[in-house]
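Visitor: got a predicted structure plus its sequence, pasted below:
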Amino acid sequence: MKGNSLAIGLVVLAAVFLMVAGLYYEGVLQFLVTDSHAAHHPTHAVLFTVLAVATLIAANFARTKRTA
């Protein structure tokens with residue numbers, strides 16, 4: 001059961017990363033950017049999308065596997 005709670009936490013973290021990626025892409029979030037007047041920050045969006053995918057992969061490894 002401990003592994004499943006870690007996996008669920010990692011999935012929630014991935015959802016947060018995807019939300020932040022969307023906010024960066026839409027230009028709503030201007031945190032940690034060099035040009036705060038730019039409309040979009042696709043590089044930050046790509047970074048957070050990659051973090052979300054890596055977190056989902058980690059969640060897959062962390063979950064408890066069923067044995068037959």
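Guide: The structure has been received and is ready for your questions. Please read all numbers here as calculations on a predicted model, not as lab measurements. Residues are numbered from 1 along each chain as shown.
Visitor: make it CA atoms for all contacts and neighbour counts henceforth
Guide: Will do.
Visitor: tell me what the one helix or strand G9 maps to is packed against?
Guide: Using DSSP states H and E, G9 maps to helix 2-26. If contacts are counted by 3 or more Cα pairs under 8 Å, 6 or more residues apart in numbering; DSSP states H and E, helix 2-26 sits against helix 42-62.
Visitor: what does the helix it packs on rub up against?
Guide: Residues from elsewhere that reach helix 42-62 (Cα atoms under 8 Å, 6 or more residues apart in numbering): 3-4, 6-8, 10-11, 13-15, 17-18, 20-25.
Visitor: can you give me the buried ones in the lowest-mean-pLDDT helix or strand in the chain?
Guide: The helix or strand with the lowest mean pLDDT-type score in the chain, counting by mean pLDDT, DSSP states H and E, is helix 2-26 (a mean of 90). Across helix 2-26, burial judged by 16 or more other Cα atoms under 10 Å covers 6-8, 10-15, 17-25.
Visitor: angle of the helix holding G9 against helix 42-62?
Guide: With axes from the mean of the first three to the mean of the last three Cα atoms, to 10 degrees applied, the angle from helix 2-26 to helix 42-62 works out at 170 degrees.
Visitor: contact partners of helix 2-26?
Guide: 29-30, 39-42, 44-49, 51-53, 55-56, 58-60, 62-64.
Visitor: now do 6 Å
Guide: Applying Cα atoms under 6 Å, 6 or more residues apart in numbering, the set of residues contacting helix 2-26 from outside is 29, 40-42, 45, 48-49, 52, 55-56, 59, 62-64.
Visitor: now those residues: which count as buried?
Guide: Among the contacts of helix 2-26, those classed as buried by 16+ other Cα under 10 Å are L29, H40, H41, A45, F48, T49, A52, T55, L56, A59, A62, R63.
Visitor: residue contacts, the first one?
Guide: Neighbour list for L29: L23 [criterion: Cα under 6 Å, 6+ apart].
Visitor: per-residue confidence at it?
Guide: pLDDT recorded at L29 is 72.
Visitor: and the pLDDT at H41?
Guide: For H41, pLDDT reads 72.
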